[in-house]
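Asker: no sequence for this one, just the structure:
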C-alpha cells in the first residue's frame, strides 16, 4: 500500500476527530449524574502501555545494578576516608583470602 499526502492527511483528520469526540464525551460525563457517567466512562477509549515480561526483567535488573553501584561508591568512599585518616589496614592474610576467593 502506498501512503500519499492525501491519505496521511485523512488519517490525521480522523485522529483529530476522534480526540475531539473523546474530549466531548469527557465533558458530557462531567455534566451528567454519576449513574450515567459510569456508562459513558466505559465507552471512552484510552491509550494503554503494557511492558513485556522481558522489559520488566530488564527494568528490575537496571534498578539492581544502580543499587549495587551506589553501595560500591559508598564502600570506595569509606575506604578513601580510612586511607586519608590512616585507619585503613590490610593484612597479608586478608589479601591471600581475597586471592583464593577469586
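Answerer: Looks like it came in fine. The model shown is predicted, which means the values in this text are computed figures rather than measured ones.
Asker: could you point out which element follows the helix or strand bottoming out on mean pLDDT in the chain?
Answerer: Between all helices and strands in the chain, the lowest mean by mean pLDDT, DSSP states H and E belongs to helix 34-43, at a mean of 52. Using DSSP states H and E, the helix or strand that follows helix 34-43 in sequence is helix 53-85.
Asker: After that following helix, heading C-terminal, what element do we hit next?
Answerer: The element immediately downstream of helix 53-85 (helix or strand, assigned by DSSP H and E) is helix 92-101.
Asker: average pLDDT across that next one?
Answerer: Averaged over helix 92-101, pLDDT sits at 91.
Asker: Run through the neighbouring helices and strands of the helix or strand hosting residue 25.
Answerer: Element membership for residue 25 (DSSP H and E) is helix 5-31. Helices and strands touching helix 5-31, by 3 or more CB pairs under 8 Å, 6 or more residues apart in numbering; DSSP states H and E, are helix 34-43. From N, CA and C alone the C-beta is placed, and that goes for glycine too.
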